[in-house]
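Trainee: Using only what follows, build the 3D model:
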Amino acid sequence: MNECVDDSLVYLICILLFYNPENHIPKNILPTGALVCFIFVYTIWRILLPWKIRRPIWRTILRILRHPLSTPAFFTIFVSDVLTSFSIIFQDAAWSLVFFASGDFMYDDLNDQMLWYRSFWFKRVAIPLIQLIPLWVRLAQSLRMYYDTGKKWPHLGFAFDWALGQMVTIFGCLHPVYTRYRQKKNIPDYFGKVELSLIFFSAMYGFLWDVRIDWGLGQCDHGGLAHRLMLPNRSHYYVAIAVDFVLRFLWVSTRVPPSVGLRMSLPGYLKALSITAELVRRAIWCTLLLEHEHRENTMGYRRVSFVPLHFSSEKNTEKEEKKSKSDYHLSIEVCIVVTAIVASSVIGSRYALHDG
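Mentor: So this is what the prediction gives:
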């Protein structure tokens, strides 16, 4: 808590100096770009140091990137789910890295600078990849869990959810291509209708998955909730469901790259609001997910009435019950799913690159 207060004070002071309306600080004292450079360096420093405290999270991220080469533990799956909500934050981080690497932070007038921001490789390659990589990692984890356990449900259901998210991003990348083609040929906007339908279906599927699978709610025999609840007030669960329904649609809209000009894309000045809203939704999701895991053990990481610590989950997972199918059949099914996902990515990337 003390670190949060200290960091907040540093950022607040920097913001007040940066947006100084009277501009009474001479440049020989505070040169152009010095304040922005300080914020950037300070942020990197706080992310890495103190290393003794930061090391566990970086080790976890490295373990996540190793999937599907190893069996994912509950903790790595949990962190991977949270990282899928950070797509806008990752985009801002990439923007900051290129902004400082190009030296544009030293200029007062950026109208003639930041050519990289309008370049093809940043808009059509880097930003979509930043949005797709967390989804690919989560998809790989789901397929690996299916391969290890032999259970189609819920692991293939998880995989389908992340595949839908990937398709939303790919369709968003192809939106400018089709828009120019439609205007040139003067044809109806069939692609736009399919795209909006896909976004709606992805949001609804994710919402229903959150409520029914991740949280164990939505049971008609228990007032739309569950037979056992840990919070004393049932209204908290109804509020959480309503908030998740609204914010799910807001989050799906952030999967579309902001430079494609989609009609439902959020304007830039609402980016901070969308980030805050997604963090709130993810906090609610994490709380109810952990409660459901304690009650029902949906992910199969325990056989008794307690949840193991994350550092022992991998060993427990390796001792799962025998698979219902042979490794050969499981490998074939996983390869079919992966081939379909990779093919859609390659086709979408080919048309986007050709358009560039």
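
Trainee: Apart from its chain neighbours, what residue comes closest to V168?
Mentor: Counting by CB to CB, 6 or more residues apart in numbering, V168 lies nearest to R255, which is 4.7 Å off, once chain neighbours are set aside. Quick note: C-beta positions are derived from backbone N, CA and C, even for glycine.

Trainee: To clarify, my last question referred to V194.
Mentor: Spatial nearest neighbour of V194, chain neighbours left out: F171 (7.6 Å); criterion: CB to CB, 6+ apart.

Trainee: so where's the stretch 201-350 of the chain uncertain?
Mentor: Low-confidence regions of the stretch 201-350 of the chain, defined by pLDDT under 70, span residues 256-269, 297-328, 330, 341-342, 344-350.

Trainee: the helices in it, which residues?
Mentor: Along the stretch 201-350 of the chain, counting by DSSP state H, counting those that start in this stretch, helices occupy 235-254, 271-296, 313-318, 327-355.

Trainee: Mind jotting down where the helices sit in the stretch 1-150 of the chain?
Mentor: Under the criterion DSSP H, counting those that start in this stretch, helices of the stretch 1-150 of the chain are mapped to 2-18, 34-48, 51-66, 74-83, 87-101, 120, 127-149.

Trainee: Pretty sure the residue nearest to V194 sits in a strand.
Mentor: No. Counting by DSSP: H, G, I helix; E, B strand; the rest coil, F171 is not part of a strand but helix.

Trainee: was I right about it contacting F201?
Mentor: No. Proximity of F171 to F201 does not meet the contact threshold set by CB atoms under 8 Å, at 11.6 Å.

Trainee: what about S87, how many neighbours?
Mentor: When neighbours are defined as other CB atoms under 10 Å, S87 has 24 of them.

Trainee: do T339 as well
Mentor: Residues near T339, counting by other CB under 10 Å, number 10.

Trainee: Quick check: the gap between it and L143.
Mentor: T339 is 12 Å from L143, where distance means CB to CB, to the nearest Å.

Trainee: which residues does the spatially most central residue of the chain contact?
Mentor: Centroid-nearest residue in the chain: T84, 1.8 Å away (criterion: CA atoms, centre = their mean). Residues counted as contacts of T84 (CB atoms under 8 Å, 6 or more residues apart in numbering) are P134, L135, R138, W162, G165.

Trainee: residues contacting the residue nearest to the last one when sequence neighbours are not counted?
Mentor: Leaving aside its chain neighbours, G165 sits nearest to L135 (4.8 Å; criterion: CB to CB, 6+ apart). With contacts defined as CB under 8 Å, 6+ apart, the neighbours of L135 are T84, W162, G165, Q166, T169.

Trainee: helix, strand or coil for the second one?
Mentor: Right, W162. Assigned by three-state DSSP, the conformation of W162 is helix.

Trainee: which residue packs closest to it, ignoring adjacent ones?
Mentor: Once flanking residues are discounted, W162 sits nearest to L139: 4.2 Å by CB to CB, 6+ apart.

Trainee: rewinding a little: tell me how far the residue nearest to the centre of the chain lies from R234.
Mentor: Remark: distance between T84 and R234 (CB to CB) = 29 Å.

Trainee: still on that earlier bit, which of the contacts of L135 sits closest to I275?
Mentor: Proximity of the contacts of L135 to I275 (CB to CB) peaks at T84, which lies at 13.5 Å.

Trainee: And the pLDDT for that closest one?
Mentor: Listed pLDDT for T84 reads 90.

Trainee: picking up where we left off before, please pick the buried ones from the contacts of T84.
Mentor: Buried members of the contacts of T84, scored by 16 or more other CB atoms under 10 Å, are P134, L135, R138, W162, G165.

Trainee: Of the residues you listed, which is the nearest to E293?
Mentor: Nearest to E293 out of the buried ones among the contacts of T84 is R138 (CB to CB; 17.2 Å).

Trainee: what residues are up against A226?
Mentor: A226 sits next to W215, G216, L217, Q219, H292, R295 when contact means CB under 8 Å, 6+ apart.

Trainee: I figured the second one hits E293, correct?
Mentor: No. Contact between G216 and E293 fails when scored by CB under 8 Å: they sit 9.1 Å apart.

Trainee: who has more neighbours, the two?
Mentor: G216 (21 against 18).

Trainee: Not counting sequence-adjacent ones, nearest residue to that one?
Mentor: Excluding its sequence neighbours, the residue lying closest to G216 (CB to CB, 6+ apart) is H292, at 4.2 Å.

Trainee: distance of the one you found from R54?
Mentor: 30 Å.

Trainee: With A226 instead?
Mentor: According to CB to CB, A226 and R54 sit 37 Å apart.

Trainee: cool, R234 as well?
Mentor: With the distance defined as CB to CB, R234 ends up 39 Å from R54.

Trainee: again, but for A140
Mentor: Taking CB to CB as the measure, A140 falls 25 Å from R54.
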